[in-house]
Every structure is written in structure tokens, then in C-alpha cells.
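*Asks:* Provided below for reference: sequence and predicted model.
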Amino acid sequence: MSSSLRRIGRFSAISSSINGKGGRCLGGLSTANEELKSGQESGGTKPINLFSAVNQALHIALDTDPRAYVFGEDVGFGGVFRCTTGLADRFGKRRVFNTPLCEQGIVGFAIGLAAMGNRAIAEIQFADYIFPAFDQIVNEAAKFRYRSGNQFNCGGLTIRAPYGAVGHGGHYHSQSPEAFFCHVPGIKVVIPRSPQQAKGLLLSSIRDPNPVVFFEPKWLYRLAVEEVPEKDYMLPLSEAEVIREGSDITLVGWGAQLSIMEQACVEAEKDGISCELIDLKTLIPWDKETVEASVNKTGRLLVSHEAPVTSGFGAEIAASIVERCFLRLEAPVSRVCGLDTPFPLVFEPFYLPTKNKILDAIKSTVNY
Amino acid sequence: MHLICHYIHEPLYMFSPITHTHTQHKHLVSNLFWKRFFPMSICRLARSRTITRFLKTKICPFEIHERLITPNYSFFHACSSYKTLAGNFTRKPHELWDKTANILAFRRFESARAGEQAEAVSYTDDDEDENQSIDFPGGRVTFTPQIKFISESTDKRVPCYRVLDDDGYPFAGSRSEQVDKETALKMYKSMVTLQIMDHIFYEAQRQGRISFYMTSMGEEAINIATAAALSPDDIILPQYREPGILLWRGFTIEEFANQLFGTKNDAGKGRQMPVHYGSKKHNFVTVSSPIATQLPQAAGIAYSLKMDNKEACAVAFTGDGGTSEGDFHAGLNFAAVMEAPVLFICRNNGWAISTPISDQFRSDGVVVKGQAYGIRSIRIDGNDTLAVYSAIRAAREMVIREQKPILVEALTYRVGHHSTSDDSTKYRPLNEIEYWKTARNPLGRYRKWVQRNGWWTDEEETELRGSIRKQVMNAIQVADKTEKPSLKELFTDVYDRLPLNLHEQEKSLRETIKRHEQDFPADVPL
């Protein structure tokens, strides 16, 4: 059950993440995904980083659907994170274009475009800047289908935004605002953990008939390299994945945080603690069954995310699992998350839910 | 046009010697100006260290006016030939003009390309001199030696287009579309229908039969004449005071009543407050309460129409209050930049609930806001049915032909309260309401014109009003007795399919209902 997750994590070197065996890279971790397996078995994979995986997905999305559009601030020249490289050249400036610097305009425009039966793939340059578009997402996109009695919908809408810590981002280039959007019926929230996942989940999000907010772990854009099938493949939404099996405690997370959690699992194993690690992937509507089944097996739960602990999505998971697994739980649910402060620059290593914070929590939960 | 072409091939600018047309005063002012602002601006312009250093050491700000030649910089590009230029320049400043013109002829950067609009407005300054300008992204900008601010307003307010005067006589010199008898009467009858619907539905709310209502009283002309001037393919993004468009397009009185009562026949499945109409069949996007959110969406819808080469546009409504929202800015700017065929119509009715326009903005209304976005705009008399019809026809034609947005400001008045939750006599004088209700009533004025044409009689009026009243009353009675949408519709359409959490919640709710049936309305079928 060895995993390459820790090697694509934010504290490790890129080169070590390529094991040279193509499909075996994450093969043991993604047994649930037939699509991925067949892609790997057919051998058409290449080691690429996360922004390239996103880029591949966008190429495929535009290529396979003439009604797909990609736009946002600085998207035309390839984007500040290079995710849209080559798209404008290949598909033309009418389908791939810059927008004015106005998030509410980007999302409002995208809703209108999607309402006409198009796939509107909008980029918000940083998740930290998504808030001017909050009204459009919460009051418009999320309710577009419901309020019209299914006469209209903007299901072709996908909003991509890089989120999370990056080592030097300070207040406004580091935040993880997923919990705000998890409180909004009508949208889906998806966060990938790796290049392979990013490509498959992004294609699913784009093709899903509901508006999706897709947060990309910006720390992994360049750092995470993984064998990614070159073909067009999709990974299912609202399906969590057990990426490391264990028997003593269940750890649930998403996005870049999983690599930190993976490192903690490896450390814990040295102390004889067997950890099960679950990637939630889709935060709403989320896969309670997978988490419930795991906790029923291990009897313990730890949730970890970069966002502040109070009212973070971890609270929702903890509450739901306590409801479902109360008699099976052998310790309180543990949350190892960001602190309840604005995301700090110099203090980032103190703020973040680090490997050892998680390791300590694993131990105290197991020894409760 | 010739001038513009000339400039495109002549990308060399100079701060020419002070010409004899300048007064001593101007000289002083301009020297002062350059002394203060020039060193900074040239540093921003010139990325080349060489030229920056050169300019700082060799040219004192006072002399710049007389001697400086600055090449055609884009802010964003560096150039390798500055050294040479600078060398030439120090030796033969005046001879250099022609030479550099040739050397630099190619240096019209792509990013400095002017939009059509920008070129057209580049030469408006009185003191323009073709040698005193800068090639700036968006088009050439002339320099002026004066500290001259653009006025916050024009001397006269932007005039308002009208066709009929208050008595329904043709307004002198007005040009308008010919309206045939059939269209004219259909417009009139629709306006009357809207007015009667408003009266009766409003009363129904007062009697507690529906929870809420908003009238369009006083704005019947904008509602109906706009609808008549558009094509049914044009996609409407309403605010909430535009039910007349639906009416014109064939949404029946029964359909209105079903929405207001939230019956099982409401296309919106009883989920929204009254007056939040929507009809896919009629290209009328469902109303949402937040103000102005539909404006950027209109740009997206219009962009799609453009990509599909459709002979149609998006038509987005807002009120005067809506123009203060960020989404107004976003919508207009996106439509302009994307060259999306959107017809923005602002119903400036003077009041945003209790806030008068004097507390809303300091500009000359809304019409003047278009130009800053590069959007053609017009102000019209919103209570003049023929003016609305003609102006909207012309605007729509332009929007589709030129594939660009247009902004229409229709001056009108909200004769009714904001909604049934509002009593507008608390914040505005009764005689003001009365004046607009009577002297400036859009129906009265238009009826005079229709009757003067011999197309309508008092008897027909009485008959029409009686018949519509009966229809509306009947629709209310039927809708009142119609059952509500079934409980399952509470959970559907959140997503395309029911997710697991909603399955569970529905199951749990149904169990609760079994235990506490008395807690829940009886007219919702389980």
C-alpha cells in the first residue's frame, strides 16, 4: 500500500514523485476508478504536473465540445499559473479570452453563457478573490434551476480557482474558502489532490449538468508530478476514495492537505498505528457512506483542512459522523485545521495543520 | 477618417516648440505642469534606463516643452534603438523629426491599437495639435498644456426623445416608426390589461389571498411598447417590474395567477414569491430578487447569441436604484468589451423604494453613464408609448446589426408603491403621485392618440375593461382553488438529480409529517 502522495506533497522534491512505472504510480490507490485503470493499463500516460493536467483537461473540454468556452483574468496568454497555455492559439480568441478585472462580472457572464446551453469554464485568478462573485454564485448560479422550476439552468458552469497555502501567499493568496460554498444547495464543490485527479475531476465538473466550484491546490501546480493518462477520462463526483487502508483511525481530507496527512499516516505506522486515509474529492454533495463505513471499521475519525477550524467543513463531517457512528466511536472526533486567524505570512508554518500536529492528534485519539 | 489613417502611419510625437498661438499665461502653466509631472511620467513611459538617465540629465523640465522628442512608447514594450535616437537627438534635435518618423514608423505596437470608438473620440480637444500626442493603448491621445478638467456635467441635461406630447398630439418635429392600426390597438389593449391585472391582483393581496404583489402602474408604456418593438426571439432578463413583456408574448392571465398563488400549474413550482415570473417558452428568464444580478448575465447570454449568429439580442432591465450596484458596472463593461448584443433598459422611475434619485447618484441620470463604458445611449420619455416603441426598435436594430450593447434610459414614474409591503405616501408627496397618475399617465396620453386616429371608441373601452376584469377575477378564483405543487417538488431541481442528502431529508420530513400532520399546510399534496 505504498503511496506516492507524500512524494507529491508540498515538502518534497518533484523528481522523486515519478517512480517510472507509469500506471503503478497511484495504481494501488485508485482501484475504484475503472476509467483511470484502463487508461493506465493502456500505457498512454505521461508524467505531468498539476497545472499541465488542468491544461490538458481544458484542451479536451474545448476540443470535444464546440460550445465550451474558457475565460477569466489573464486567461488569454495562458494564465498566471499557466493553466490555459495554448488554448487561445488552438481554439481562437472567441472561445478563450481575457475578461475585465471583475469577478462578479466573470461569474455573471458565465451564468448567462451557461444558461444558453454552453459549457462556461470561468477562471477566478485566486480563490481569495472569489468574494465579489459570491452573490452571483450563491443567489444566482446555485438557484438558477430551482427558482425557475427547471425551465432554465446554468449547469454548464464551472468556476475554477486556485486555493490554499503556497508558502508565501499571506492573507490574500492562501485562503481556502470552500466552506462558504458548502453551505449553498445547488452548487457542487470539488477539490483534486493530484494531477491525475485534477484532470479527471475537472472534466467531470465541466460536463456535470450542475454548476461546480472547482478549487485547485495551487501549491501542487508545479510541485506535484504524476503519471496522467493522455486520453479523455472522467472521475466520478460525489464519490470519496480510500487512498490508504488502515484499521485504527480514519483520516478525512481533500486537496493539498492530503499529502500532509499521508506523511502523518506513514509516521504513525512506525508507532504501530494503522491509519485509513480518505480523499473526499467532492465536498458537496459529499459521500457520507464511504466515510461512515470507514469509521465503523476504525472507530475513530480525524478531519484536517487548511481553512480555519471554526465552521470549517470538518465540522460538518464531524457532526454527520457522530450522528451516524456514535456508538462505534471510541474517541471524540479530532479536527486538525487552520487557526481562527486570517492567513498569516510569517506565521504560516504555525498557522497550518502540519504533519506533526496531525500525528499528535492521531496518537491522542488512538490513546484516548 | 483620413486624419486617423495618417496618424496610424505617423507614430512620432513631439512636444513642439511653444507656438505663437500660446499666450504667456499658457506657457507658464504648461511649464509648471511639465515640471511637476513630466519626470515621473516619462520614467513610466520609458523602460529603457538609457533614455531615462538621458532625459534626467540633459533636459530640464522647463526645456522639455521646447526640445523634447519622445518616441512612440507603449507602456509595456522596450526598444533597442533608444541609444541611437538619444545620440541623434542631442546633436540635431529639430532635424530628427523626419528621420525618426521613418525609423519609428513600424513602432505602432499591437497593444496600442485603438478601438474604433477610441479613435473616433481622440481628437476632441480644442488645443489639439497633430504633433502633440501619445500613442497609448486604446488609441492616440493628444497632449494639452492646460490643466483642464472634464466637467462633471454638461451645460444642459441630456434631452429626452418623445413623439407625443402630454395631450397625445405629435410632438413638433419628432420622427418615429409608423405604427399600424393593429399593432397600435394591440399595444393599447395590452396596456389596459396590465393596468387591470395590477389593480385586481393588488386588491387580492390586500384581501390576504396572495402574499405579495408589485404593480407596474405608471410604467405600462415601457412594458408594452418595448415588448412590441422587440422580436419574440430576443431574450429578456427582467428586474421585476416588466410583466407586460410576458403579457405581450402570450403568457396568459391564468399563468400569471398560477404564479401569484403558487399553484401546481406555476412553471416555477411555487418556489418563489409572487411576481417572480419566468417562462422558457417566452424567452423570459425567471425573475430573481437581487438587484442588477441579471445585467452581467445578459452579457453572457448575448455573447452566446452572437456566437450562434442569431438575429436576436439580450434585453436586460434595471431600475434607477440598480445602476448603483456593482453588477450594473460589471454588466455594461462586459457587454462593451465583449461586444455583446445587449439592450440595457433602465426604467428611471425616480424612486428605489423610498430613495429618490437625488440620493442615488450625482450624474445627469443614467443615460450619461453609457459613454464611459463605450456604450451608445439614449434618453427617452418612458410614458410616451410611441417614443418607447420607436426608440427600442431603432436600438434593437443597431444592437443586432453592430453587435454591440446600447443603453436606454426611460424617464418614468412609479405611480404605485414599491410593493404591497410599502406605503410610499410616507416618503413622497401625494400631489406628486397624483400628478404622474393623471397628467402624465401613459395610457391616457396614448389613448388620446389612438382615439384621434379613429381606431378606438369609448364603448370599446368599456367593453374591453369589463371583459378583462372578468377574466382576471375568474383566473384568481380558479388559482385560489388549485392545489399547490406536490411535496416532492421541494427537493427536485436543486440539482439535476436528487443527491443522497436530499433523499434522506425527504424521507425524514415525510416521517415527521405522519406524526404531526396538523403542523403542515393541507393544500400541499404529499
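*Replies:* Received, thanks. Numbers count the residues shown, from 1 in each chain, chains lettered A, B, ... in the order given.

*Asks:* Confirm residue A:160 sits in a helix?
*Replies:* No. The assignment for residue A:160, made by DSSP: H, G, I helix; E, B strand; the rest coil, is strand rather than a helix.

*Asks:* Once you drop chain neighbours, what's closest to the residue of the stretch 201-350 of chain A found nearest chain B?
*Replies:* Nearest residue of the stretch 201-350 of chain A to chain B, counting by C-beta to the nearest C-beta: residue A:285, 3.6 Å away. To be clear about C-beta, it is placed using only N, CA and C from the backbone, and glycine gets the same treatment. Leaving out its chain neighbours, the residue that sits closest to residue A:285 by C-beta to C-beta, 6 or more residues apart in numbering or on different chains is residue B:499, at 3.6 Å.

*Asks:* burial of that neighbour, as a residue count?
*Replies:* When counting by other C-beta atoms under 10 Å in any protein chain shown, one arrives at 21 neighbours for residue B:499.

*Asks:* Against residue A:265, how distant is residue A:354?
*Replies:* Distance from residue A:354 to residue A:265, counting by C-beta to C-beta, to the nearest Å: 14 Å.

*Asks:* do residue A:248 as well
*Replies:* Where residue A:265 is concerned, residue A:248 sits at a distance of 10 Å (C-beta to C-beta).

*Asks:* Likewise for residue B:402?
*Replies:* Plainly put, residue B:402 is 62 Å away from residue A:265 if you go by C-beta to C-beta.

*Asks:* Who has more neighbours out of these two?
*Replies:* Using other C-beta under 10 Å, the more surrounded residue of residue B:402 and residue A:265 is residue A:265, with 28 against 12.

*Asks:* Would you list the phi and psi of the more buried one?
*Replies:* Here is the backbone geometry of residue A:265 (degrees, to the nearest 10): phi -60, psi -40.

*Asks:* Enumerate every residue touching it.
*Replies:* Contact partners of residue A:265, counting by C-beta atoms under 8 Å, 6 or more residues apart in numbering or on different chains, are A:244, A:246, A:251, A:275, A:277, A:362.

*Asks:* Residue nearest the middle of the chain, spatially speaking?
*Replies:* You didn't pick a chain, so chain A it is. Nearest residue to the geometric centre of chain A (C-alpha atoms, centre = their mean): residue A:191, 1.3 Å.

*Asks:* please go with chain B instead
*Replies:* residue B:344 (3.4 Å).

*Asks:* Quick one: neighbours of residue 239, just the number.
*Replies:* Let's take chain A. Residues lying near residue A:239 (other C-beta under 10 Å) number 17.

*Asks:* let's do chain B instead
*Replies:* Here the number of neighbours of residue B:239 (other C-beta under 10 Å) works out to 23.

*Asks:* Can you verify my assumption that it contacts residue B:289?
*Replies:* No. Judged on C-beta atoms under 8 Å, residue B:239 makes no contact with residue B:289 at a distance of 9.5 Å.

*Asks:* secondary structure class for residue A:296?
*Replies:* Secondary structure, three-state DSSP: residue A:296 is helix.

*Asks:* Could you find the closest non-adjacent residue to residue B:212?
*Replies:* residue B:274 (4.7 Å).

*Asks:* Can you give me the pLDDT of the residue nearest to the centre of chain B?
*Replies:* On the pLDDT scale, residue B:344 is placed at 98.

*Asks:* returning to that earlier point: give me the neighbour count for the residue of the stretch 201-350 of chain A closest to chain B.
*Replies:* 21.

*Asks:* quick one, what contacts it?
*Replies:* Counting by C-beta under 8 Å, 6+ apart, residue A:285 touches A:188, A:238, B:495, B:499-502.

*Asks:* Just the buried subset of those residues, written out for PyMOL, thanks.
*Replies:* Filtering the contacts of residue A:285 down to the buried ones (16 or more other C-beta atoms under 10 Å in any protein chain shown) takes a single PyMOL command:
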select buried, (chain A and resi 188+238) or (chain B and resi 495+499+501+502)
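
*Asks:* Any chance of JSON lines for the contacts of residue A:285, columns pLDDT, distance to residue B:212 and secondary structure?
*Replies:* JSON lines is the format used below for the contacts of residue A:285 (pLDDT from 0 to 100; distance: C-beta to C-beta, whole Å; DSSP: H, G, I helix; E, B strand; the rest coil):
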{"residue": "A:188", "pLDDT": "98", "distance to residue B:212": "32", "secondary structure": "strand"}
{"residue": "A:238", "pLDDT": "98", "distance to residue B:212": "36", "secondary structure": "coil"}
{"residue": "B:495", "pLDDT": "98", "distance to residue B:212": "28", "secondary structure": "coil"}
{"residue": "B:499", "pLDDT": "97", "distance to residue B:212": "31", "secondary structure": "coil"}
{"residue": "B:500", "pLDDT": "95", "distance to residue B:212": "34", "secondary structure": "helix"}
{"residue": "B:501", "pLDDT": "96", "distance to residue B:212": "30", "secondary structure": "helix"}
{"residue": "B:502", "pLDDT": "98", "distance to residue B:212": "27", "secondary structure": "helix"}
